[in-house]
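Chemist: sequence first, then the predicted structure:
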Amino acid sequence: MSATTATNQRRVLLANPRGYCAGVDRAVITVEKALEQYGAPVYVRKQIVHNTHVVRTLEERGAVFVEETDEVPEGAIVVFSAHGVSPAVHEQADQRQLKTIDATCPLVTKVHKEAQRFAKGDRDIVLIGHIGHEEVEGTSGQAPEHIQIVESPEEVDKVQVRDPDNVSWLSQTTLSVDETNQTVDALRERFPNLLDPPSDDICYATSNRQDSVKAMAPECELVIVVGSDNSSNSVRLVEVALEAGADASYLIDNATLLDESWLEGVTTVGVTSGASVPEILVRELLDKLSGLGYGSVTPVTTAEENLTFSLPKELRRDLRAEQAEAQK
């Protein structure tokens, strides 16, 4: 623990960047704009982003979340979540004549295109990610006959390929940067001619949020991550905090779930949030911590973010058409 915590002054270190990334912001606005444009109900396949508060808020406005497209009435509007879908899901939607709005994060779409390109080269593709996660299902569905999934370095020995010199790797965008690098190192040890993706698959927001936690965790007895337990990038932040030197770290959906016993003997609390978490949830946690004696808040800034993505083309087209009609 640093000398700055030698006093008994309780404080909060607030990670920056934190919370919404460009892809999440785009996906949430997509559903909001679709509700304004078309009226309720607007159907959404899976959770638009992995955050309980966001999903509940959109449900209150008229969004209906479903697991699969066959739950959507024929001809209705359905939004595909930020995590992306496979070509098979697009085909199912077409068969039901659904009006689709694809809110897949552009950085996930980039991974999809890499998978398609590697498959066209008849390469075996190792996808590093969590089995069952929507993003991994969407990516593996781009070229299922070419892709096999590996979750950790320990699983690399199980990989079976046709040609050890014709292997590529891709990854889920929300993984631990360090653990992914360990898995890639293990793959390269087995397959020395392993081909990398053209650019990093782990997205800028995931990397930035992990870096800010690494910067503050050594100063903290406790790091609290605001996020839902099905949010991969939020879960990773807890792991990163512990690996970087925090004595304890917990993931909570909102301030009401803060266990005050965690604060016993704690001088410095680190606070951050996952990439699908609205800032209001962080502010509510800071207010609660302030009421418990942790009123001093110091930002820990490791990067500035200004990336934005345009709305899905299907929605932009209809918004433009409405504007043109209104101007007549």
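Modeler: Thanks, I have it. Being a predicted model, the structure only gives us computed values, none of them experimental.

Chemist: which residues in the stretch 151-300 of the chain form helices?
Modeler: 177-190, 204-216, 232-243, 279-291 (DSSP state H, counting those that start in this stretch).

Chemist: for the last one, buried residues please.
Modeler: What it means is helix 279-291. Under the neighbour-count criterion of 16 or more other C-beta atoms under 10 Å, helix 279-291 has 281, 282, 284, 285, 286, 289 buried. Glycine gets a C-beta too; all of them are placed from N, C-alpha and C.

Chemist: quick one: buried residues of the worst-scoring helix or strand of the chain on mean pLDDT?
Modeler: Lowest by mean pLDDT, DSSP states H and E among the helices and strands of the chain is helix 313-326, with a mean of 89. Residues of helix 313-326 classed as buried by neighbour count (16+ other C-beta under 10 Å): 314, 315, 318.

Chemist: put the alpha carbons of it into PDB.
Modeler: The C-alpha coordinates for helix 313-326 follow below in PDB (Å, rounded to 0.1, in the frame of the first residue of the first chain):
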ATOM      1  CA  LYS A 313     -27.900   1.700 -41.800                       C
ATOM      2  CA  GLU A 314     -31.500   0.300 -41.700                       C
ATOM      3  CA  LEU A 315     -32.500   2.800 -39.000                       C
ATOM      4  CA  ARG A 316     -30.600   5.700 -40.500                       C
ATOM      5  CA  ARG A 317     -32.400   5.200 -43.800                       C
ATOM      6  CA  ASP A 318     -35.900   5.300 -42.100                       C
ATOM      7  CA  LEU A 319     -34.900   8.300 -40.000                       C
ATOM      8  CA  ARG A 320     -33.800  10.200 -43.100                       C
ATOM      9  CA  ALA A 321     -37.000   9.300 -45.000                       C
ATOM     10  CA  GLU A 322     -39.100  10.700 -42.100                       C
ATOM     11  CA  GLN A 323     -37.000  13.900 -42.100                       C
ATOM     12  CA  ALA A 324     -37.400  14.300 -45.800                       C
ATOM     13  CA  GLU A 325     -41.200  13.700 -45.500                       C
ATOM     14  CA  ALA A 326     -41.500  16.300 -42.700                       C
END
